[in-house]
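*Asks:* Starting from these lines, generate the structure:
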Amino acid sequence: MNQVTASRRRSGRILVVAAVIFAVLAIGGLRNQARSQASPNADFILTVLHNNDSESALIDRGAGFEDFGGVARFVTVMKREREAALQGGGSIKRGVITVSSGDNSVPGPEFSASLAAGKFYDAIAMDLAGYDAIALGNHDFDSGPDVLADFIEDFQITKPPFLGANLDFSDEPRLQALFQASGSERRLAESVVLDENGEKIGIIGATTPRLPFLSIPRNVRVIADVAGEVQAEVDKLEAEGVNKIVLIGHLQGIDQDVELAEELRGIDVVVAGGGGELLANPGDLLIPDDEPFGPYPFSATDETGKQVPIVTTPGLYGYVGKLVVEFDASGDVIGIGDESGPIRVAGGSQPDAVQPDAAVHDQVVVPVIAYIEGLAAKVVAVSDVDLDGRRGRVRSQETNEGNLVADAFLWQADRLATSFGVAKPQVALQNGGAIRNDSVIPSGPISELDTFSIAPFANFIAVVENVPRAQFKEILENSMACSVTGDAARNPNCSDGRFAQIAGFSFVRDPNGTAQILDANGAITVTGTRIKELRLEDGTAIAQNGHVLPGNALTIATNDFLARGGDQYPFRNTPFTVLGLSSQQVLLNFLKDSAGLAGVVSSDRYPAGGEGRITTLSESSTPSPASTASPTARPSSQRPAAPPRTGAGEAAASNDREVVVLLISVAGLLAGGVIFGRSLYRSRDSSS
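*Replies:* Modelled structure (predicted):
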């Protein structure tokens, strides 16, 4: 979710600031046209119910937020709002559509419950909710195209189309079969046309062009010209007589949606995903600690000068987005209903509490809870030290939990190498973005649930042989290329999830060195100079003073996502061997096996802060605030809390934030108080 992400480039932040101001003024204008009664020129009122980045948060929003979210309560709210949308009387026609903008599931304990049961609980819940169209996000590909095909086929009631105008499935047979099918069996498409009370509603999907760097699409081709592909689909729909068109996209941040909208014509509404931004207005009931990023809806100006409303939600089934759009007889948007906004999903003793949908509760929530409780009850090891897996730490510096995972990779690959006919690795790498618990696991028992929380992705351990020393240094330069504030401003493909947790070697990095930059094809366009010293565990020097020393090539243990070039790791199609175990299985084996840690994680081996595998020279740039966040302890027997959704707004320098506050406050006054009462619109991150 990823995600405005913590790696959002500075220019993107400036764009968003400007867009927030424009959105306040522009949507303030649209809202001034809205009223308790529809405009006299209104010919059709469309309610768009939406969400995004639900990411398998099926039970609730996590520890401390049990009264909020949960897919069963979400479905209750969704059904209530769908029914209400068609009420209202009068002679104006009304319609309602329900859409998701991607990241409909994500690997983790909840998703593992689906894999164990042989049926996808996320799909069952969404099927019972009744979606009309669903976009594909990066996390939807995390388990590969075949599992995605299984997931899509599990929708047996509503059979909604999954949309992606810039995706080519030709080289993935199962997905291509879903794309080429006819009628209701065509489950993949560029777009779909719905009939709502006699009105044609076109819906187009779009997916981030960074998909190959973020997930495992395998042979799905991602067309980088998103605007070109979407516009072609708009033109096709308009030629068919469709004059009301909704774009559902997963572009990783609302700034990307603003940029895209500016290049298009004919789009009436954009439903965004991947950024985790909360859009809200004064008086909207919010989940505790949630702070708005901007007004609901946001706005952009398209190629023709038309205002286009943009909406999104923070995800995790915490809100149902509701956009009420008035169209005139020509299909132009002439107003936004006052009832538009995020609707909080709550239970317990909250004033807006709803009862969970009975079918979803029984068929989804109950079995998932049972599975997770079973994992939590299985103690696999005991630690005498707190293990730091906080997102901001594992993506910016060495941590003892990162060392634990990397050690597990090196240990497991060493044990399996002979049976797979490969050389034993000297080193191991795990990208920090694949360590997902986002918490400090306190000293004490470590459960099997913890291993899923730490390493949930369906990545497999792999061995890459014969990597030249110079290429190994390039790989490490890539891993450090997005670790300093300002890197994202220079590299649009930056993602802090590439930061490496390591085993079998140590290195010294200089954050003041040049960050490596690669193009979309993996070719190095700017040579990195941050890795100064590089030495194997046995003392063998690989690089000194930034220069690679001559010597034998290396064998690396890593995950197959990185070996395939994920996170832009420049393995450059070097052959690799998959060893048949997932990251979670590797970690579990290392913790339990008598030849591994034999059930004991000691502070001697894994001291707090790490043991100095990565040494950082003094940094003149401002470090990311994420790397200095305070610990959030979590009892290891509990399901992991919802990740703190901090992002570019918090990663920006404080003066940037003050400028945002000042400019938005001024815009609020100019807009007649559209956003009064909000001191700061802060971006929220939904992880890549």
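
*Asks:* What's the per-residue pLDDT of Pro212 here?
*Replies:* Per-residue pLDDT puts Pro212 at 86.

*Asks:* lowest-pLDDT helix or strand in the chain?
*Replies:* Across the helices and strands of the chain, mean pLDDT, DSSP states H and E gives its lowest value to helix 648-651, namely a mean of 30.

*Asks:* where do the strands sit along the stretch 351-500 of the chain?
*Replies:* Ranges of strands in the stretch 351-500 of the chain, per DSSP state E, counting those that start in this stretch, are 379-383, 387-388, 427-431, 440-441, 444-447, 460-467, 500-503.

*Asks:* Out of these, flag the one nearest Leu178.
*Replies:* strand 460-467 (24.8 Å; C-beta to C-beta). Just so you know, the C-beta spots here come from the backbone N, C-alpha and C atoms, and that holds for glycine as well.

*Asks:* Show me the contact partners of the closest one.
*Replies:* Strand 460-467 is contacted from outside by 409, 412-413, 416-417, 420, 422-423, 425, 475, 553-560, 563, 571, 574-583, 586, using C-beta atoms under 8 Å, 6 or more residues apart in numbering.

*Asks:* go again using 7 Å as the cut-off
*Replies:* Contacts to strand 460-467, defined as C-beta atoms under 7 Å, 6 or more residues apart in numbering, come from residues 409, 412-413, 417, 422-423, 425, 553-560, 563, 571, 574, 576-583, 586.

*Asks:* Give the ChimeraX command for selecting the buried subset of those.
*Replies:* To isolate the buried ones among the contacts of strand 460-467 in ChimeraX, judged by 16 or more other C-beta atoms under 10 Å, type:
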select :409,412,413,417,422,425,554,555,556,557,558,559,560,563,571,574,576,577,579,581,582,583,586
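
*Asks:* Which ones among the contacts of strand 460-467 lie within strands?
*Replies:* Members of these lying in strands (criterion: DSSP state E): 554-559, 576-582.

*Asks:* List just the nearest of the residues you listed to Ile310.
*Replies:* Nearest member of the ones in strands among the contacts of strand 460-467 to Ile310, counting by C-beta to C-beta, is Asn559, at 35.0 Å.

*Asks:* what's the distance between the residue nearest to Cys482 when sequence neighbours are not counted and Thr208?
*Replies:* Nearest non-adjacent residue to Cys482, counting by C-beta to C-beta, 6 or more residues apart in numbering: Cys494, 4.1 Å away. Note on Cys494: its distance to Thr208, by C-beta to C-beta, to the nearest Å, is 14 Å.

*Asks:* swap in Asp567?
*Replies:* 14 Å.

*Asks:* Same question for Ala406.
*Replies:* 28 Å.

*Asks:* Which of the two has more residues huddled nearby?
*Replies:* Taking other C-beta atoms under 10 Å, Ala406 and Thr208 do not tie; Thr208 has more neighbours (28 against 24).

*Asks:* Look at the more buried one and report its pLDDT.
*Replies:* So Thr208 comes in at 95 (pLDDT).

*Asks:* Please name the residues that touch it.
*Replies:* So Thr208 contacts Asn138, His250, Leu251, Gln252, Gly274 (C-beta under 7 Å, 6+ apart).

*Asks:* wouldn't the third one be in contact with Gly274 here?
*Replies:* Yes - contact between Leu251 and Gly274 holds when scored by C-beta atoms under 7 Å: they sit 6.0 Å apart.

*Asks:* which one of these two has more residues nearby?
*Replies:* For Leu251 versus Gly274, neighbours defined as other C-beta under 10 Å are more numerous around Gly274 (36 against 27).

*Asks:* Show me where the stretch 451-600 of the chain has its helices.
*Replies:* 469-479, 487-490, 560-563, 583-592 (DSSP state H, counting those that start in this stretch).

*Asks:* Nearest residue to Ile542 in space, please, no chain neighbours.
*Replies:* Leu534 (4.2 Å).

*Asks:* where does that neighbour sit relative to Ala135, distance-wise?
*Replies:* 42 Å.

*Asks:* In contact with Thr529: list those residues for me.
*Replies:* So Thr529 contacts Gly513, Thr514, Gly546 (C-beta under 7 Å, 6+ apart).

*Asks:* buried subset of these?
*Replies:* By 16+ other C-beta under 10 Å, the contacts of Thr529 give Gly513, Gly546 as buried.

*Asks:* give me the low-pLDDT residue ranges for this protein?
*Replies:* Along the chain, the parts satisfying pLDDT under 70 run over 1-38, 89, 619-688.

*Asks:* Let's see that with 50 instead.
*Replies:* 1-26, 28-29, 31-36, 621-687 (pLDDT under 50).

*Asks:* on that earlier part again, could you export the strands of the stretch 351-500 of the chain as CSV, including distance to Glu373?
*Replies:* Listed next are the strands of the stretch 351-500 of the chain as CSV, based on distance: least, C-beta to C-beta, whole Å:
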stretch, distance to Glu373
strand 379-383, 13
strand 387-388, 22
strand 427-431, 28
strand 440-441, 18
strand 444-447, 10
strand 460-467, 27
strand 500-503, 29
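
*Asks:* Same list (these) but as CSV, adding distance to Tyr121 and mean neighbour count.
*Replies:* Below are those laid out as CSV (distance: least, C-beta to C-beta, whole Å; neighbours: other C-beta atoms under 10 Å):
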stretch, distance to Tyr121, mean neighbour count
strand 379-383, 24, 20
strand 387-388, 28, 24
strand 427-431, 27, 27
strand 440-441, 25, 22
strand 444-447, 21, 20
strand 460-467, 23, 21
strand 500-503, 31, 26
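
*Asks:* do you know which of those lies nearest Met78?
*Replies:* strand 444-447 (33.3 Å).

*Asks:* Adjacent strands (with direction) for that closest one?
*Replies:* Sheet pairing for strand 444-447, assigned by DSSP bridges, gives strand 379-383 (antiparallel).

*Asks:* who's in contact with the strand it pairs with?
*Replies:* Contacts of strand 379-383 (C-beta under 7 Å, 6+ apart): 443-448, 451, 588, 591-592, 597, 599-601.

*Asks:* From these, keep the buried residues only.
*Replies:* Of the contacts of strand 379-383, these count as buried by 16+ other C-beta under 10 Å: Ser443, Pro445, Ile446, Ser447, Glu448, Thr451, Leu588, Leu591, Lys592, Leu597, Val601.

*Asks:* In a strand, Phe155, correct?
*Replies:* No - counting by DSSP: H, G, I helix; E, B strand; the rest coil, Phe155 is not found in a strand; it is coil.

*Asks:* Report the contact partners of the closest residue to it other than its chain neighbours.
*Replies:* If the residues on either side of it in the chain are set aside, Phe155 comes closest to Asp127, at 4.7 Å by C-beta to C-beta, 6+ apart. Counting by C-beta under 7 Å, 6+ apart, Asp127 makes contact with Phe155, Gln156, Ile157, Thr158.

*Asks:* Just give me the closest of these to Thr47.
*Replies:* Distances from Thr47 to the contacts of Asp127, taken by C-beta to C-beta, are shortest for Thr158, at 17.8 Å.

*Asks:* wait, what's in contact with the spatially closest residue to Pro550 that is not a sequence neighbour?
*Replies:* Excluding its sequence neighbours, the residue lying closest to Pro550 (C-beta to C-beta, 6+ apart) is Arg469, at 7.7 Å. Listed by C-beta under 7 Å, 6+ apart, the contact set of Arg469 reads Ile542, Val548, Gly551, Ala553, Leu554.

*Asks:* what's the distance between Arg469 and Val345?
*Replies:* 53 Å.

*Asks:* go on, Pro570?
*Replies:* Pro570 is 43 Å from Val345, where distance means C-beta to C-beta.

*Asks:* same question, Gln231
*Replies:* 35 Å.
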